[in-house]
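# Could you work out the structure for the sequence below:
(chains A, B, C and D)
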Protein chains: 2
Amino acid sequence: MKAETRVDTKEAILSAARSSVQRNGYNALSYRDLAAEIGIKSASVHYHFPAKADLAEALVDRYREDAGKIFQGLADKSYDEAMGGYIALFRSFFDDCNQMCLGGFMSAEITALPEKMTGTVAAFYAAHIEFLRDTLSKKLRGAAAKDLDERAQAIFAALEGAQLIARGRGGDATVFDRIVTSYRATGLIP
Amino acid sequence: MKAETRVDTKEAILSAARSSVQRNGYNALSYRDLAAEIGIKSASVHYHFPAKADLAEALVDRYREDAGKIFQGLADKSYDEAMGGYIALFRSFFDDCNQMCLGGFMSAEITALPEKMTGTVAAFYAAHIEFLRDTLSKKLRGAAAKDLDERAQAIFAALEGAQLIARGRGGDATVFDRIVTSYRATGLIP
DNA sequence: ACCTGAACACCGTTCAAGT
DNA sequence: ACCTGAACACCGTTCAAGT
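Coordinates of the predicted model:
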């Protein structure tokens, strides 16, 4: 089918937009720049995503799905491998132009987004908390479900913060590494 | 003197801009909205701060100075009071329209700012690390200076992350509180 | 010294018009 | 179904002109 051989415009928009937002944030994303990169006009981007908020919502949904696949791949691994893989995920952002987690950007720029996006961002958080809870349960066997949830949320927040601060330091991955080492040494990350 | 009785325009710009940036970020700040709020024209804002980046730099510098004054007020307190006061500072952002730390926003939006701002943001970080290092030294008496620095950086990053995630949850201060409780319980914050 | 109106090239968004 | 040119009200920035 033709539709499979040619590059799908909607997919091309999502891909380029995701890269741009992870580099510069949602407010800095330009429909005209995006269109130019793909080779269409900005009005065409509006055909697929009427408003910027629609594009943002699609981006976060897709982003959460992709994270879910990675989490699935780590699900049957040991605690050390699963937690190590999860942390490596956060670290990988620095390999490509000091990018940042989409969820972190959406939290910062949440006021620029419609109310509806609150639920979209919450769903993204929930996916992370769920993975971390399951992973932590491998290590902290006797722990209550509520305690695992609290710990998962704390580790997620701490890693987002480590990424944010390392980004502010020019995308220095060793800053991220040293902070994570402290998280492990103090016992936040078991 | 007249200059003392009337409200200084430059000060009014800085004050309004700070509030706006802490709510919505740097990219969302509008010179025209800012001018309208103060009662001048946007071209007048450019007279005081030629480019938005100049305003951002002045904001972060002022912000760091204000933080320094608060740190001084906590300097001669006990460890518990100093650390408690520091954490209360982060929590206070939620009391007023889900604001965020200026440093956190600048880290996220660092790509929208000129290279020069890297040093400005770094100076802001350094002020926090210094305060935390001095505070931690009250509790961890025998610790090496390097270890205190690492721990200070980790706590700072973790608190920025807690604020970011609670902001993404609609500015729920109890989310921030629960995360901080985990930081304390696990030993990241002694 | 401080402010302004007008212009510039940008921006998201809309819509009638094309294929 | 998908794309586009043109228009709209916005944006940061510049500058000659005002006081």
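
# Which residues outside the helix or strand that residue A:118 is a member of are in contact with it?
Using DSSP states H and E, residue A:118 sits in helix A:117-139. Helix A:117-139 is contacted from outside by A:53, A:56-57, A:60-61, A:63-64, A:67-68, A:71, A:74-75, A:78-79, A:82-83, A:86, A:102-103, A:106-107, A:110, A:143, A:145, A:148-149, A:151-153, A:155-156, A:190, B:165, B:168-170, using CB atoms under 8 Å, 6 or more residues apart in numbering or on different chains. Heads up, the C-betas are built off the backbone N, CA and C, glycines and all.

# Please repeat the previous calculation with a cut-off of 6 Å.
Outside of helix A:117-139, the residues within contact range by CB atoms under 6 Å, 6 or more residues apart in numbering or on different chains are A:57, A:60, A:64, A:67-68, A:71, A:79, A:82-83, A:103, A:106, A:148-149, A:151-153, A:155-156, A:190, B:168, B:170.

# Mind checking what helix or strand follows that helix in sequence?
helix A:145-168.

# and the direction of that following helix versus that of helix B:145-168, what angle?
110 degrees (axes from the mean of the first three to the mean of the last three CA atoms, to 10 degrees).

# what about helix A:145-168, average pLDDT?
The pLDDT scores in helix A:145-168 average 98.

# Buried residues in it, which are they?
A:148-168 (16 or more other CB atoms under 10 Å in any protein chain shown).

# Would you mind naming the helix or strand containing the closest residue to DNA strand D within chain A?
DNA strand D sits closest to residue A:43 of chain A, with a gap of 3.1 Å, by CB to the nearest atom of the strand. Assigned by DSSP H and E, residue A:43 falls within helix A:42-48.

# who's in contact with that helix?
In contact with helix A:42-48 (CB under 6 Å, 6+ apart) are residues A:10, A:13, A:31-32, A:34-35.

# rerun that using 10 Å as the cut-off
A:8-14, A:16-17, A:30-36, A:38, A:40-41, A:52, A:54-55, A:58 (CB atoms under 10 Å, 6 or more residues apart in numbering or on different chains).

# and that helix, what's its mean pLDDT?
98.

# how much space between residue A:146 and residue B:173?
Between residue A:146 and residue B:173 the computed distance is 19 Å (CB to CB, to the nearest Å).

# Can you name the residues of chain A that neighbour DNA strand C?
A:29-33, A:42-43, A:46, A:50-53 (CB under 7 Å from any atom of the strand).

# in chain A, which helix or strand is least confident?
In chain A, no helix or strand scores lower on mean pLDDT, DSSP states H and E than helix A:2-5, which sits at a mean of 40.

# ok so, going back, drop anything exposed from the residues of chain A next to DNA strand C.
Buried, going by 16+ other CB under 10 Å: A:29, A:31, A:52, out of those.

# Return stretch A:108-115 as PDB; C-alpha atoms alone will do.
Presented in PDB, the C-alpha positions along stretch A:108-115 are these (Å, rounded to 0.1, in the frame of the first residue of the first chain):
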ATOM      1  CA  ALA A 108       6.800  23.200  34.200                       C
ATOM      2  CA  GLU A 109       4.700  24.600  31.300                       C
ATOM      3  CA  ILE A 110       1.400  23.200  32.600                       C
ATOM      4  CA  THR A 111      -0.100  26.700  32.800                       C
ATOM      5  CA  ALA A 112       0.200  27.100  29.100                       C
ATOM      6  CA  LEU A 113      -1.900  24.000  28.500                       C
ATOM      7  CA  PRO A 114      -5.600  23.500  28.800                       C
ATOM      8  CA  GLU A 115      -7.100  22.000  31.900                       C
END
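
# Say whether chain B is contacted by that stretch.
Yes: judged by CB under 10 Å from any CB of the partner chain, stretch A:108-115 comes into contact with chain B at A:108-112, A:115.

# do that stretch and DNA strand D meet?
No: Stretch A:108-115 does not reach DNA strand D (CB under 7 Å from any atom of the strand); its nearest approach is 12.4 Å.

# Contacts made by that stretch with the rest, please.
With CB under 10 Å, 6+ apart, stretch A:108-115 has contacts from A:21, A:25-28, A:51-54, A:56-57, A:60, A:100, A:106, A:117-118, A:120-121, A:164, B:23-25, B:27-28, B:97-100, B:104-105, B:107-109, B:163-164, B:167-171.
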